[in-house]
Structure formats: C-alpha cells, structure tokens
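> sharing a model prediction with you, sequence too.
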Amino acid sequence: MPLRQVVTGQGDAHCSSSRALTDSAEKFMKILVTGSSGFIGARLCQAWSNRGAEVVGTYGSSPSLVPSGVARVALDVKDPVAVTTAVGQCRPDVVIHCAAFASLQGCEDDHQEAEACNRDGSRHVASAAKQVGAAMIYLSTDLVFDGSRGWYVDAETPQPACRYGATKYEGEKAVLAECPEACILRLSWVYGTSANEHRCSAECMIDTLGRGRRVTLFTDEFRTPVLVDDVVGIVEAVALARVAGTFHVSGPRRISRYEFGLLCTKAFALSEESIVPASGSTTASLRPKDCSLVFSSRLRQLPCECRDPAEGLSYMASSRRRAKQD
Ligand SMILES: NC(=O)c1ccc[n+]([C@@H]2O[C@H](COP(=O)([O-])OP(=O)(O)OC[C@H]3O[C@@H](n4cnc5c(N)ncnc54)[C@H](OP(=O)(O)O)[C@@H]3O)[C@@H](O)[C@H]2O)c1
C-alpha cells in the first residue's frame with residue numbers, strides 16, 4: 001500500500017494538498033509534538049527522530065522526560081501568544097498535539113483548568129498550526145463517549161460522561177473550527193513501553209505484579225486496548241498521507257480490565273492469582289463502562305495495523321527482555 005494514499009474522513013473532511021510531501025521529503029520533515037514529555041508524545045518523538053525527521057518537542061513541567069535527540073521547548077498550551085510564537089518559530093510541516101490535562105479525577109476537581117488546557121489549549125495549537133500551513137493531528141479519546149453501549153464508530157456523536165471526556169470533545173470541536181482539515185484520532189486505552197518515567201497504567205500494573213503484589217481489576221469495564229507502537233505507526237501514516245477527518249484507533253478485541261490483567265500475567269510470566277476481580281458498578285467510578293471503539297474503516301486503507309492485546313503484550317514483553325539484555 002503506498003504511503004501517500006489520500007483518505008478522507010467523515011462529514012466535510014478532505015485532504016490538504018497545500019504542502020503535499022514527496023517520498024524523499026519525509027526525511028526532511030519538521031515535526032512539532034506538544035506533550036513530548038508524556039507517555040505517547042515521547043514515543044512519537046523517538047519514532048520520528050529515528051526516521052530522520054527534525055523533531056521539536058514541547059513540555060509542560062518535565063523537560064527531563066523529553067527524549068534525547070529532540071529539541072525541547074517549554075510551552076504552556078493555555079497561553080495563546082506563547083503557542084503562536086513557538087509554532088511560528090519552528091514552522092513545522094506537521095503538528096501532533098498530545099499535550100492534555102489527562103487526569104480523570106483532576107479534570108473533575110479543576111474543571112476550569114481542564115477547559116483551559118484541553119479545549120482552549122487545543123484551539124491555540126490548531127490556530128497556530130493553521131497560520132504556518134502545518135498539518136494538524138489531535139489525539140482525542142474514547143472517553144468522549146459515555147460508555148453506555150460500546151463499539152462506537154467514527155461517525156457517532158459523542159456524549160461524554162466525565163469532565164475529561166467533555167473537555168477533550170470540546171477540544172475536538174475547537175480544533176476543527178480553527179483547522180477543518182485537521183486529523184482527529186480518538187484513541188482507545190493505550191498500553192505499551194514508555195520512553196521515559198511517564199509510565200502507562202499497564203506498565204505500572206505489570207511492575208506491581210512483578211513485585212509480588214496483588215492488583216484489583218474491574219470485570220465490567222470494557223475497552224479496546226491499543227499498543228502504543230501501533231498508535232505511533234498510525235500517526236506516522238496519517239501524517240504522511242495528510243489524512244483529514246475524525247477516526248477511531250483501537251485494538252480488535254473488546255476486553256475487561258480484568259481480562260487484560262490476565263493476558264499481562266501470561267505475557268510476563270506472572271501469577272494469575274495476583275489479579276483480584278471486582279465490579280466497577282459497586283464503586284463511584286468516573287470511568288464509563290464500555291467505551292470500546294470500532295477501528296476506523298478508513299484507516300484500514302493505510303499501511304498500519306492494531307494488534308490483538310495478546311500479541312501486543314507479548315511484543316511488549318519481548319522488547320523489554322531485549323532491552324534488559326542490551
Ligand atoms: N494514554 C492513553 O491511554 C490515552 C488514551 C486516549 C487518548 N489519549 C490522549 O493522548 C494524548 C497523550 O496522552 P498521554 O497518555 O501521553 O498523556 P500524559 O502521559 O499524561 O502526558 C501529558 C502531556 O501533556 C503535557 N501537558 C499537560 N498540561 C500541559 C499544558 N498546560 N501545556 C503544555 N503541556 C501540557 C505534559 O507535560 P509535563 O508532564 O511536562 O508537564 C505531558 O507531556 C492526550 O491528549 C490524551 O488525551 C491518551
């Protein structure tokens with residue numbers, strides 16, 4: 001499948017052709033990643049840097065978590081002037097907006113900060129990207145849905161049940177208002193190996209189990225987990241193809257947190273008995289019950305894949321073993 005294939009998304013989505021790339025230009029691309037000190041942002045920076053692209057990574061408060069080889073820039077996305085200045089000075093070909101106030105409880109406790117960062121910050125980033133003619137990619141979330149039904153498709157209208165999901169959805173709308181040709185990727189729960197200490201919840205769980213401790217996981221909270229390496233591949237593919245629209249990025253299996261935990265014990269040779277099943281419905285959980293996403297049929301046309309969690313976890317375990325041997 002050619003990398004430069006053009007794919008259009010739902011509604012009025014279209015492909016930006018103003019700064020179309022050639023095969024050889026890929027190496028000379030300039031990428032700006034907001035939230036490059038975070039779990040996904042750091043992995044994206046590493047991947048683009050390894051491809052030979054020039055990468056500028058912005059961070060909020062943790063410069064040391066931005067991967068080496070990446071030009072670091074301090075940037076609070078809530079500050080519109082700072083965002084315009086940073087993007088204007090960098091003049092990237094592609095902006096990948098990962099920065100977010102991503103704590104569910106934090107967003108409930110400080111709604112104003114959540115709106116300022118996730119909605120207004122996203123608007124500032126999209127507006128700045130538009131001004132320099134850069135392609136805009138925004139990472140959104142499965143939590144824009146209320147989780148009452150599951151298996152949501154790209155075209156479904158979000159109905160967020162938590163403030164994090166609501167402000168991320170507001171962010172989607174703000175991005176599209178500024179930049180109608182933006183690409184919005186709604187990610188399912190992402191797991192995998194982090195590039196820094198900003199570890200994902202699956203890694204934390206695996207480490208806890210590895211220390212011989214027990215972990216309690218919900219049997220009635222469902223997601224379609226996706227490996228971070230597959231997210232990285234999809235972001236690369238949409239950036240190169242200049243895909244526009246709103247798309248769901250998810251693994252192929254709808255699975256409870258508990259079942260995911262059991263798969264982790266298999267992949268990492270840990271004790272199954274350490275996983276304690278529990279029902280989320282008995283707790284005052286903020287987490288929607290079933291936010292499973294159907295992987296976008298339009299993204300299937302690109303050269304990218306999302307692995308089953310059993311395969312993804314086994315890949316994660318073998319990469320970890322290799323890293324320890326090196
Ligand atoms: N991880 C998942 O399972 C998942 C699932 C669905 C969607 N997503 C979305 O994917 C994106 C990346 O997620 P992640 O897991 O990598 O998040 P993360 O690890 O929590 O990282 C968040 C990043 O945002 C930065 N940040 C926070 N507030 C900021 C501000 N006001 N200005 C500038 N930067 C700020 C942080 O910088 P410092 O740490 O330097 O302060 C950090 O680099 C987010 O948009 C999230 O909504 C993630």
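Sure thing, it's come through.
> how about the residues of this protein by the ligand?
Contact residues, the chain versus the ligand (CB under 6 Å from any ligand atom): 34-35, 37-41, 59-62, 75-78, 98-102, 117, 121, 139, 141, 168, 187, 189-190, 198, 200. Glycine gets a C-beta too; all of them are placed from N, C-alpha and C.
> the residues you listed, buried ones only, as a PyMOL selection?
Those of the residues of the chain next to the ligand that count as buried under 16 or more other CB atoms under 10 Å are selected in PyMOL with:
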select buried, resi 34+35+37+38+39+40+41+59+60+75+76+77+78+98+99+100+101+102+117+121+139+141+168+187+189+190+198+200
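> hey, where'd the strands end up in the stretch 101-250 of the chain?
All strands of the stretch 101-250 of the chain, identified by DSSP state E, counting those that start in this stretch, fall at 135-141, 183-187, 190-191, 215-218, 222-223, 226-227, 245-249.
> as TSV, those with mean pLDDT would be great.
Supplementary listing: those in TSV, determined by pLDDT from 0 to 100:
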stretch	mean pLDDT
strand 135-141	98
strand 183-187	98
strand 190-191	98
strand 215-218	95
strand 222-223	97
strand 226-227	98
strand 245-249	98
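> figure out which of those is closest to residue 154.
strand 245-249 (5.3 Å; CB to CB).
> identify the residue spatially nearest to the residue of the chain found nearest the ligand, adjacent ones excluded.
Closest residue of the chain to the ligand, CB to the nearest ligand atom: residue 38 (2.1 Å). Excluding its sequence neighbours, the residue lying closest to residue 38 (CB to CB, 6 or more residues apart in numbering) is residue 198, at 5.3 Å.
> run through this protein and note the low-pLDDT ranges.
1-28, 281-285 (pLDDT under 70).
> what's around residue 143, how many residues?
For residue 143, the count of nearby residues is 29 (other CB atoms under 10 Å).
> for it, what are its contacts?
104, 160-162, 164-165, 168, 287-288, 291 (CB atoms under 8 Å, 6 or more residues apart in numbering).
> what do you get for residue 168?
Contacts of residue 168 (CB under 8 Å, 6+ apart): 100, 118, 140-141, 143-144, 160.
> if you set the cut-off to 6 Å instead, what comes out?
Residue 168 is in contact with 118, 140-141, 144, counting by CB atoms under 6 Å, 6 or more residues apart in numbering.
> run through who's touching stretch 103-113.
101, 114, 162-164, 286.
> make a ChimeraX selection of the buried ones in those.
Only the buried entries of the contacts of stretch 103-113 go into this ChimeraX selection, using 16+ other CB under 10 Å:
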select :101,114,162,163,164
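> still on that earlier bit, of all the contacts of residue 143, which comes closest to residue 305?
Nearest member of these to residue 305, counting by CB to CB, is residue 291, at 21.1 Å.
> wait, that closest one touches residue 148, no?
No - assessed by CB atoms under 6 Å, residue 291 is found out of contact with residue 148, at 9.7 Å.
> these two: who's more crowded?
residue 291 (29 against 11).
> need the nearest residue in space to the more buried one, chain neighbours excluded.
residue 142 (4.1 Å).
> contacting residues for the one you found?
188, 291, 293.
> which of the residues of the chain next to the ligand fall within helices?
Among those, DSSP state H puts 39-41, 121, 168 in helices.
> include distance to residue 130 when you put those into TSV, please.
Output for these, formatted as TSV (distance: CB to CB, whole Å):
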residue	distance to residue 130
39	27
40	23
41	21
121	15
168	20
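> pick the one among those residues closest to residue 252.
residue 40 (19.8 Å).
> please verify my assumption that that closest one contacts residue 96.
No - counting by CB under 6 Å, residue 40 does not reach residue 96; the two are 9.1 Å apart.
> ok, residue 30 touching residue 54?
Yes - Residue 30 is within contact range of residue 54, at 4.6 Å (criterion: CB under 6 Å).
> residue 126 and residue 260: what is the separation?
33 Å (CB to CB, to the nearest Å).
> and the helices in this protein?
Along the chain, the stretches classed as helices by DSSP H are 39-50, 80-90, 104-109, 111-114, 121-132, 163-178, 201-210, 228-241, 257-267, 309-325.
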